[in-house]
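Peer 1: Turn this into a model:
(2 chains)
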Amino acid sequence: MRIAVENLACRRSGRLVFEGLSFALDEGQALVVTGRNGAGKSSLLGILAGQLRPDAGTVRADGIGERPLAEALHLVGHRDALKGALTAAENLAFARDLLGEEAATPGEALEAVGLAHAARLPVAYLSAGQRRRVALARLFVARRPLWLLDEPTAALDAAAQETLAGLMRTHLAGGGLIVAATHAALPIAGARELRIERTPHKGEGK
Amino acid sequence: MTRAFLALVARDLRLAARVGGSGALGLVFFLMIVTIVPFALGPDLNLLARIGPAVLWLSAVLATLIGLDRLFQADEEDGSLDLLRQSPLPLELVVLAKAVAHWLTTGLPLALASPLFGLLVALTPPGMAAMVATLLVGTPALTFIGATGAALTSGIRRGGLILAILVVPLMVPTLIFGVSAANAALGGTVPFATPFLILAALSLAAAVIGTAGAAAALRWGE
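Peer 2: Take a look at the predicted model:
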């Protein structure tokens, strides 16, 4: 698949967050979105995921057939969409049934992020880093070409960050696309960088 | 798509059954109101038997409101709603699945427990049968009307009271025909079928309008 973003602008509660954003992404490519706090990184991912409406501009996706872009992507954001009362395996089994196009089983997905031992624990008992890894394990239970990752390395220890980098490289090698918003450098060779600058307002110095 | 639908119903049922879920809460609340009424009215069995169906129906309306405010809010807060939007399941079916799970954990237990609670308001056996029948047929309307309100208030903190103000007036027709059907079964000039069929019609209409309305509210709130 291929996504092309043209002249995108985003407005939140009347305030212009960014404008004139354009990029295109082909199979096997990764884009790292950087910028200050509040620059609109998460908003950009929200627009790509179809949760926010852009103020102007277009997002075009080719090569995914009839389905809308929202059904061809995974979003792992700040809110991890995990239910604390359910076990890690139950959360993943639900995501697998819900999203369709099953890939790995919940057990295999947890294995991939190094959490096989926690499969039967309620997610509420897990640490922040472990929760994040369960949310990342969702990437593997359903096959979707585009990964939108919001601060994927937040709360992860060095070993887990290494594992994640390996999994991202595998996804790219298999023809996947990644858009990641991050402050930390991602160890992906050939990743392009898109820096979002906050649109200056009247009365503010540049 | 069926699989995603069933997975969502199963997840909500499981969440209701776990610690902190709203599984038994509605039933306990129902029991509480039904128990407190005879204390307030005194031991006049004839009076209790006459207003029994009304008391049970009122309790059912209030018990349905318990937990309704969390129907979509919980999913909105933890990001699950974003996950649901990435699924091939249309939002209408997402709403339907959640409403079905809500009814199975609220309306259905209320209907099945009503004969037992009917003892507290001196209902006769035919009255108990009428209560089960009217609650079984009428509580889906309460759930679907409530789902629309829950979708509208999902983004509001402490939206519970606003939700009640929004949906209670809309539940009035269901309440009127539910009580009149139960009373008709106990005697009177109106045949049982007339209000009962209107009650069934209200549930069917609410299922369609409530599902579409809640899905529209969720889309609008994106």
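
Peer 1: Spell out which parts of chain B neighbour chain A.
Peer 2: B:3-4, B:6-8, B:10-11, B:14-15, B:18-21, B:77-80, B:82-89, B:222 (C-beta under 8 Å from any C-beta of the partner chain). Placement of C-beta: from N, CA and C, glycine included.

Peer 1: Could you list which of these belong to helices?
Peer 2: Secondary structure from DSSP state H places B:3-4, B:6-8, B:10-11, B:14-15, B:77, B:80, B:82-85 of these in helices.

Peer 1: Please list all residues in contact with whatever residue of chain B ends up closest to chain A.
Peer 2: At 2.9 Å from chain A, residue B:79 is the closest residue in chain B, using C-beta to the nearest C-beta. By C-beta atoms under 8 Å, 6 or more residues apart in numbering or on different chains, the contact set of residue B:79 is A:77, A:78, A:79, A:80, A:81.

Peer 1: Return only those of those found close to chain B.
Peer 2: Within those, those near chain B by C-beta under 8 Å from any C-beta are A:77, A:78, A:79, A:80, A:81.

Peer 1: where does the second one land in three-state SS?
Peer 2: Just to be clear, that refers to residue A:78. Counting by DSSP: H, G, I helix; E, B strand; the rest coil, the backbone at residue A:78 sits in coil.

Peer 1: Tell me, how many residues neighbour it?
Peer 2: 9 (other C-beta atoms under 10 Å in any protein chain shown).

Peer 1: Run a quick check on it versus residue A:149, I expect a contact.
Peer 2: No. In this structure, residue A:78 is not within contact of residue A:149 by C-beta atoms under 8 Å, at 11.1 Å.

Peer 1: Filter the residues of chain B next to chain A down to the buried ones.
Peer 2: B:4, B:7-8, B:10-11, B:14-15, B:18, B:21, B:78-80, B:82-87, B:89 (16 or more other C-beta atoms under 10 Å in any protein chain shown).

Peer 1: So which residues of chain A form helices?
Peer 2: Using DSSP H, helices in chain A cover A:41-48, A:88-99, A:106-112, A:128-141, A:158-173.

Peer 1: The ones you listed: which one's closest to residue A:25?
Peer 2: Distance to residue A:25, taken as C-beta to C-beta, is lowest for helix A:41-48 among those, at 9.9 Å.

Peer 1: from memory residue B:8 sits against residue B:89, does it?
Peer 2: Yes. Between residue B:8 and residue B:89 there is a contact under C-beta under 8 Å: 7.2 Å.

Peer 1: which neighbours do those two share?
Peer 2: In contact with both residue B:8 and residue B:89: A:98, B:97, using C-beta under 8 Å, 6+ apart.

Peer 1: Please give me every residue in contact with the residue of chain A found nearest chain B.
Peer 2: Nearest to chain B, among the residues of chain A, is residue A:79, at 2.9 Å (C-beta to the nearest C-beta). Residue A:79 makes contact with B:77, B:78, B:79, B:82 under the criterion C-beta under 8 Å, 6+ apart.

Peer 1: Check the contact between the last one and residue A:52; I expect there is one.
Peer 2: Okay, so that is residue B:82. No. Residue B:82 is beyond contact range of residue A:52, at 10.7 Å (criterion: C-beta under 8 Å).

Peer 1: Let me see the contact set for residue B:30.
Peer 2: Residue B:30 makes contact with B:59, B:60, B:62, B:63, B:110, B:113, B:117 under the criterion C-beta under 8 Å, 6+ apart.

Peer 1: do you know how far the last one is from residue B:108?
Peer 2: When you say that, I think you mean residue B:117. Distance of residue B:117 to residue B:108, given as C-beta to C-beta, to the nearest Å: 14 Å.

Peer 1: same check, this time on the second one
Peer 2: Per C-beta to C-beta, residue B:60 is found 11 Å from residue B:108.

Peer 1: the more surrounded of the two?
Peer 2: Taking other C-beta under 10 Å, residue B:60 and residue B:108 do not tie; residue B:60 has more neighbours (29 against 15).

Peer 1: In what element of secondary structure is that one found?
Peer 2: Per DSSP states H and E, residue B:60 falls inside helix B:45-65.

Peer 1: what packs against that helix?
Peer 2: helix B:25-41, helix B:107-118, helix B:125-152, helix B:160-185 (3 or more C-beta pairs under 8 Å, 6 or more residues apart in numbering or on different chains; DSSP states H and E).

Peer 1: Packed most tightly, which of those helices would that be?
Peer 2: helix B:125-152 (a mean of 24; mean count of other C-beta atoms under 10 Å in any protein chain shown).

Peer 1: before we move on, the earlier item: export the helices and strands packed on helix B:45-65 to JSON lines and append columns for mean pLDDT.
Peer 2: Formatted as JSON lines, the helices and strands packed on helix B:45-65 follow (pLDDT from 0 to 100):
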{"stretch": "helix B:25-41", "mean pLDDT": "88"}
{"stretch": "helix B:107-118", "mean pLDDT": "91"}
{"stretch": "helix B:125-152", "mean pLDDT": "94"}
{"stretch": "helix B:160-185", "mean pLDDT": "92"}
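
Peer 1: Now do the contacts for the closest residue to residue A:47 other than its chain neighbours.
Peer 2: Residue nearest to residue A:47 in three dimensions, not counting chain neighbours: residue A:54, with 5.0 Å by C-beta to C-beta, 6 or more residues apart in numbering or on different chains. By C-beta under 8 Å, 6+ apart, the residues touching residue A:54 are A:8, A:9, A:10, A:47.
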